[in-house]
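Colleague: Fold the following and give me the result.
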Amino acid sequence: MDILRQKRLDALKKGQEQKREWLAIGHGTYTEVPGEKEFFQECKKSKKVVCHFYRESTFRCKIVDKHMNILANKHIETRFLKIDAEKSPFLTEKLKITVLPTLALILEGKTKDYVVGFGDLGGTDDFPTEMLEWRLGCGGVIDYSGNLSEPPVAGKPKANLLGLKSKKIIRGRDYDEDSDSDLD
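Modeller: Numbers count the residues shown, from 1 in each chain. As a prediction, this is how the structure comes out:
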């Protein structure tokens with residue numbers, strides 16, 4: 001029993017040490033890198049990186065920034081960066097980035113996937129952060145705890161203003177009643 005307890009303690013200590021290392025190199029924050037040289041330096045430090053290629057004048061890039069800030073705080077196992085696409089022409093050409101916003105999903109220094117625009121996020125400006133989190137989980141750059149085979153918004157029942165799913169009954173009313181009486 002003591003051996004098992006010691007193994008658990010060792011695993012917890014190792015996890016805390018890893019967390020401290022990540023925080024020391026900038027994980028847990030959403031950081032702008034000023035140029036291409038700094039981008040490559042940051043990518044060398046971390047195993048998992050999500051980099052938002054943006055342009056200041058593009059409205060949808062600001063939407064992505066909001067979600068990236070939330071996810072950077074939640075997923076400290078991943079480094080969240082942003083870089084101005086106009087100030088990094090070599091990088092945007094090398095990675096074939098033509099649509100903004102674009103997220104490059106980088107694992108162990110290699111770009112493995114891209115999230116281009118909002119098509120993978122429901123095709124709407126008001127997508128929930130959970131949708132981006134799911135998509136990054138599908139790309140393998142965050143430790144996603146949900147079901148990767150289904151987007152988080154799909155399959156949720158539509159709710160009315162009270163948050164309850166309305167149920168149709170044979171009589172055609174939008175609500176169910178406990179009484180069997182037909183008196184109104």
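
Colleague: what's the helix or strand for the most centrally placed residue in the chain?
Modeller: Nearest residue to the geometric centre of the chain (C-alpha atoms, centre = their mean): Glu133, 2.5 Å. Taking DSSP states H and E as the criterion, the element that holds Glu133 is helix 129-138.

Colleague: Check which helices and strands that helix is in contact with.
Modeller: The contact analysis (3 or more C-beta pairs under 8 Å, 6 or more residues apart in numbering; DSSP states H and E) places helix 129-138 against helix 59-74, strand 110-116. C-beta: built from backbone N, CA, C; applies to glycine.

Colleague: can I get these in TSV with distance to Leu100?
Modeller: Listed next are the helices and strands packed on helix 129-138 as TSV, based on distance: least, C-beta to C-beta, whole Å:
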stretch	distance to Leu100
helix 59-74	6
strand 110-116	9
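
Colleague: possible to save these as a markdown table with mean pLDDT, distance to Leu12 and mean neighbour count?
Modeller: Conversion of those to a markdown table gives the following (pLDDT from 0 to 100; distance: least, C-beta to C-beta, whole Å; neighbours: other C-beta atoms under 10 Å):
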| stretch | mean pLDDT | distance to Leu12 | mean neighbour count |
| --- | --- | --- | --- |
| helix 59-74 | 97 | 20 | 16 |
| strand 110-116 | 96 | 30 | 15 |
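
Colleague: just so I have it, where are all the strands in this protein?
Modeller: Assigned by DSSP state E, the strands in the chain fall at 30-32, 48-54, 79-84, 102-107, 110-116.

Colleague: is it possible to export those to CSV including distance to Gly122?
Modeller: Formatted as CSV, these follow (distance: least, C-beta to C-beta, whole Å):
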stretch, distance to Gly122
strand 30-32, 21
strand 48-54, 18
strand 79-84, 21
strand 102-107, 15
strand 110-116, 12
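
Colleague: That'll do, ta.
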